[in-house]
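Novice: give me a model of this one.
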Amino acid sequence: MSALEIEIRRKHYAGAKPDARPVIQDLQLRVAAGQFVCLVGPSGCGKTTLLNLVAGLDRDYEGEIR
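Specialist: Numbers count the residues shown, from 1 in each chain. The predicted model follows:
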């Protein structure tokens, strides 16, 4: 059983143009209890956005975080 399950279908920012690319799309991540995870990527790829979603600071997305 996973301690954290993330399934984000799509995350847009409010006010984005209708044809704007999503910030996060089709992300699935399962983290087992006691597992160590590190988010690595270039500036602007969505690392902080993902952390804000997991922390509950941003709830405007399509998907589930359990």
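Novice: okay, now the sheet partners of the helix or strand bottoming out on mean pLDDT in the chain, with direction.
Specialist: When the helices and strands of the chain are scored by mean pLDDT, DSSP states H and E, strand 2-11 comes last with a mean of 92. Here strand 2-11 is paired, per DSSP bridges, with strand 24-32 (antiparallel), strand 62-65 (antiparallel).
Novice: Throw those into a markdown table and include mean pLDDT, distance to Gly56 and mean neighbour count, thanks.
Specialist: For glycine as for every other residue, the C-beta is placed from the backbone atoms N, C-alpha and C. Formatted as a markdown table, the strands paired with strand 2-11 follow (pLDDT from 0 to 100; distance: least, C-beta to C-beta, whole Å; neighbours: other C-beta atoms under 10 Å):
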| stretch | mean pLDDT | distance to Gly56 | mean neighbour count |
| --- | --- | --- | --- |
| strand 24-32 | 96 | 16 | 14 |
| strand 62-65 | 98 | 8 | 14 |
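Novice: which one of these lies closest to Leu53?
Specialist: Across these, Leu53 has its closest neighbour in strand 62-65 (6.3 Å, C-beta to C-beta).
Novice: what's the closest one in contact with?
Specialist: By C-beta atoms under 8 Å, 6 or more residues apart in numbering, the residues outside strand 62-65 that reach it are 4-11, 27, 53-54.
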